[in-house]
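# how would this look folded up:
(2 chains)
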Amino acid sequence: MSEKIGIYVCECGPNIASKVDIEKIMQELAKLEDFKDKELVIKNHKLLCSVEGKKFLEDEINENNLTHLVCAACSPRDHDSTFINVCKKTKLNPYLYQMVNIREQCAWIIPDKEEATSKAIRMIHGGMDRVLYQQPLEEKQLDSNPDVLIIGGGIAGMEAALTLAGKDRAVYLIEKSEILGGKSAKLKELLPRQGVSLNILKQKISDVQSNRYIKVFTNTKLDSVVGFLGNFEIVIKDVTDSNNTTELLAGAVVVATGFDLTDVSSLDSYNTKKEDEVYNAFEIEEMLSQHGKIIMRHGKEPGKVALIHCVGRHEVGYCSKVCCSYLLKIAKMLKDQSAKIEVTELYKHMCLPNKQDETFYEQVQGKGINFIKIKNAEVVGTTINFTDIADAKKKLDVDMIIVGTAMIPAAGTAELGVELKTDQHETGFFQEAHLKIDPVSTNTDGVFVVGGAHGPVGITESMLQAQAAAGKIFTQLIPGQKIIPEIKVSEILEAYCTGCQTCLDVCGFGAIYFDEDKGISVVNEAICRGCGNCVGSCPSGSIRTRHFTNPQLYQEIKEALR
Amino acid sequence: MNQSENVLIIGSGVAGMEASLMFSKAGKKVTLVEKLSLIGGKTIKNEETFPNMDCSTCLVAPIQQEILQDGNINVLTSSLVEDVKGEAGNFTVTINKKAGYVDLVACLGCGMCYPVCPVELINEWEENLTNKKAIYVPCSGALPNVPVINAEKCLQLNGTESCNKCVEACMFGAINMEEKDKQLKVNVGAILVATGYDMLDVSEIKNLGYGKYLGVYTAMEFERLFAANGPTEGKLVMRDDKTVPSSIAIIHCVGRSQTHYCSNVCCTASSKHAHFLHHKLPDAKIYNIYSDICLPDKTYQKFHEDVKAHSSEFIYQADRDKMKISEEKGKLKIEYLDNNNKDAFIQVDMVILANALRPAAGSEELKKALGIDHDKFGFVEAQPFKIGSVATSKPGIFVAGCAEGPKDIQNSVIQSEAAVAQIMSLLNT
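As a prediction, this is how the structure comes out:
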């Protein structure tokens, strides 16, 4: 079939028509030397994106049996999808259509009409050159597995499991320790709403254990993962016996591996021994669970207690955001235990980002606690040398120190990130796909991160993040629904690939693997997003991205550079 | 009656938009109600967002576009929810859609109608820093890019005189002065409240001189002053349209003693403002006056430290209620208690008050229409006896974003996605 290119110039009302010479554009395009042996249909329209305009375009494609289409109109961001949808109603493959932006890139920015017209002609000419080099592409559909692997059996992992599990969706919950519950299981009382019973946590554990759609593997960790959203092949292994492995299939992975606390003995400003009366929050919580009150190692109640905020914050480089409120909680507990205990809070910045916290702070301030704002503190045993906000150097001897230590990524976080091909934030936590607008996704489609693995969090936030990941999975991985992967992906030309594997390093999505037998790199099209990183990196020029091949791009810019 | 799988979302900020797109992906029909004539919420008022200085428009515009083009999402701008009847799985919602007098399909947003309008009005969306016409879009780049007419002020519509100038200027016949308010009824299975926040009126705090001294700005006023699509097109000049400030003080925690909560985002926003100022006015002296700095994310401290090192001098004040701002010889004098609890002062040209977030205007009416509970601050209360929930006191009605309390974009989106999970679970059982 011979080529027949339709070129439609949208006037966009006065937006384009008043700033470029539409008639001249059409006349010049009709006279193009290099298209003189091609059949061209060149028309203008008042408003191509209108209902009437779309119908016009559809009829034009059908009646003229167009083989290629160029729309010169506004920004593709506005109406590329509009014209693609028009093509889809016709026999024309939408990848044989090209949009040229003569509004934002000509009409709106070039005051001189002649100049704007000339640029518009060259841009449309480029679009015509390009479209002839384009190839028809067909969307593929892949089956998907709706089941989910959750790594970590703390509050976040359990919440995700309970939200996701159902008759259409199985959940595999793996936990490296022998029990479910994670760090929350150590708490005596929950923040921020004091008095909420920990029975909630116990209830969650039993709900998870009794849920027939959740399969729990304790003493288990991840061995390997390969695949992509909808189709992950997973191997898990026994923590103690790495030969004892199980294979699973799942469509998504939720990472909920939690956090650890900074060890004070690792800090330069802390010179304390194991037997000193220095405790972190979890040690206090355990003490409360065991003895029902806060006591020293020899069993007696302390007379003077100092609570130090922001311990290790400087070293890790971020605020752990829950320590201020839990230290206030412990201070109140001490005062409730005995009004005689002298309690001092040494804080740098009181950070209370939840709406309930301030009321609690006001309440605690009425308890006779000594609040001192400090710049820094050094600790030897249970003696604190500190500089207060007025730059005065002071010393405080106490019977017991309780430290609010920074939350850090759990051991093994980095290795897990490598296995899952997810990016790591400079703090060591997992990196979100987008900090603001896609906060529980990662750069690997189908892998989500929630709770302490995501960054410092409280229980409420952990649970909300877990539900958020569930929400994403509910809407991305619908049981029975096919997945349509990106169509404009990279492909490696076997004959040219030298097997140098440079492309494996630059791929941000883990979409390229090395075929040992053939000695070449291969793109997994289901994972590739078509970013083109690999194309630029390939020394032998053996990679191309569909719909954005070098010849196509050269054709498009050739006219612009003329 | 049949159970409905459709969803009503009230508020089109980042939380409402994220939930809308997710539901659409899952094949649910969404009615997205927005009281203003544009979608996008407060995020689009910011030029850039902390800590990565992402351009807000670049962040949100693609989402706005996607929403407007999504066949599963019915966007009702200039609309209010008036009444809700029924229960989870089957709510009947009455929505009032205010006449905008401009056809959303026929209008191209070419902007030919505003210049001819003879009426000048204060532009509230631009924090009263500029004017608009009686036919207007609140700012350039507004989406949908379709103006509305203020019927009370339009000479034709309020009966002052026969003015047809905008109708004549429109080349698409998109303006219809005969349009009437519409009452719509929709049947939905669940409702998400994502109505966001407003800012505390700082003129209530007398000793800070807002409204009295022209050099005192609120944080949101400053955002618009800085915005490239704002009233000065991003030129940092004060209210007299010519003075470029050479010294600026940013006051943290304004109104916190009145609201009794930390507003969560002001410390980072104030650090951002210092960064902006230093960037645009490298010779200006910038101060941040604070009591405590709250940086609740793994990424925020680094940004703040950078601002502290390069852009602004951070001054501690011992008691935020003791601050007093007055004018002396054309300068603003800020008196405060310093780190030794002694009286101190600085003098500056411009003051930015980082004022508290408060429940959005209209929250009380919505609360009545929905029959949900608020907390003592007036924010929507998430189920009081269930931690980690975004369900309200009324089954089938959920909350996300700043409607539940002050929070940043990230946590608004997380709540929104969590609400989607809870609603999907509800609708599918």
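
# low-confidence ranges in the stretch 101-250 of chain A?
A:186-198 (pLDDT under 70).

# wait, what's in contact with the residue in it positioned nearest to chain B?
Closest residue of the stretch 101-250 of chain A to chain B, CB to the nearest CB: A:T163 (5.3 Å). No exception for glycine: its C-beta is placed from N, CA and C like everyone else's. Residues near A:T163 by CB atoms under 8 Å, 6 or more residues apart in numbering or on different chains: A:466-467, A:470, B:421-422, B:425.

# Now with 7 Å, please.
The contact partners of A:T163, by CB atoms under 7 Å, 6 or more residues apart in numbering or on different chains, come to A:466-467, A:470, B:421, B:425.

# Three-state assignment for it, please.
Here A:T163 takes the helix state, with states given by DSSP: H, G, I helix; E, B strand; the rest coil.

# burial of residue 303, as a residue count?
Let's take chain A. With neighbours defined by other CB atoms under 10 Å in any protein chain shown, the count for A:G303 comes to 13.

# nope, chain B please
Around B:F303 there are 19 residues (other CB under 10 Å).

# Same check on B:P118?
Around B:P118 there are 12 residues (other CB under 10 Å).

# now the residue of chain B found nearest chain A, what's its secondary structure?
Closest residue of chain B to chain A, CB to the nearest CB: B:G388 (2.7 Å). Here B:G388 is coil, with the state taken from three-state DSSP.

# shouldn't it be in contact with A:M463?
Yes. B:G388 is within contact range of A:M463, at 2.7 Å (criterion: CB atoms under 7 Å).

# Quick check: neighbours shared by the two?
Common neighbours of B:G388 and A:M463 (CB under 7 Å, 6+ apart) are A:E159.

# residue ranges with poor pLDDT in the stretch 301-429 of chain B?
B:384-385, B:429.

# if we can go back for a sec, who's in contact with the residue of chain B closest to chain A?
A:159, A:459-460, A:463-464.

# what about 8 Å?
A:159, A:459-460, A:462-464, A:466-467.

# As TSV, the residues you listed with neighbour count, secondary structure and distance to chain B would be great.
Putting the contacts of B:G388 into TSV (neighbours: other CB atoms under 10 Å in any protein chain shown; DSSP: H, G, I helix; E, B strand; the rest coil; distance: CB to the nearest CB, whole Å) gives the following:
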residue	neighbour count	secondary structure	distance to chain B
A:E159	29	helix	7
A:I459	25	helix	6
A:T460	21	helix	5
A:S462	29	helix	7
A:M463	29	helix	3
A:L464	31	helix	5
A:A466	32	helix	8
A:Q467	31	helix	4
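
# Got the phi and psi for A:K4?
phi -140, psi 110 (degrees, to the nearest 10).

# pretty sure it contacts A:E63?
No. Between A:K4 and A:E63 there is no contact under CB atoms under 8 Å: 11.2 Å.

# For the two, indicate the residue with more neighbours.
Neighbours were counted for A:K4 and for A:E63 using other CB under 10 Å; A:K4 has more, 15 against 9.

# so what pLDDT did that one get?
A:K4 carries a pLDDT value of 96.

# Kindly provide the distance from it to A:N64.
Here A:K4 is placed at a distance of 6 Å from A:N64 (CB to CB, to the nearest Å).

# can you check B:Q415 too?
52 Å.

# So the two - more neighbours on which side?
More neighbours surround B:Q415 than the other of B:Q415 and A:N64, with 31 against 15 (other CB under 10 Å).

# Next, see if the helix or strand containing that one gets close to chain A.
Assigned by DSSP states H and E, B:Q415 belongs to helix B:409-428. Yes. For helix B:409-428, a contact with chain A is found by CB under 8 Å from any CB of the partner chain, at B:409-411, B:413-422, B:424-425, B:428.

# Report the contact partners of residue 88.
By default, I'm working from chain A. Applying CB under 8 Å, 6+ apart, the residues near A:K88 are A:P94.

# ah, no, chain B please
So B:A88 contacts B:189-190, B:395-397, B:426 (CB under 8 Å, 6+ apart).

# Kind regards, and thank you for your time.
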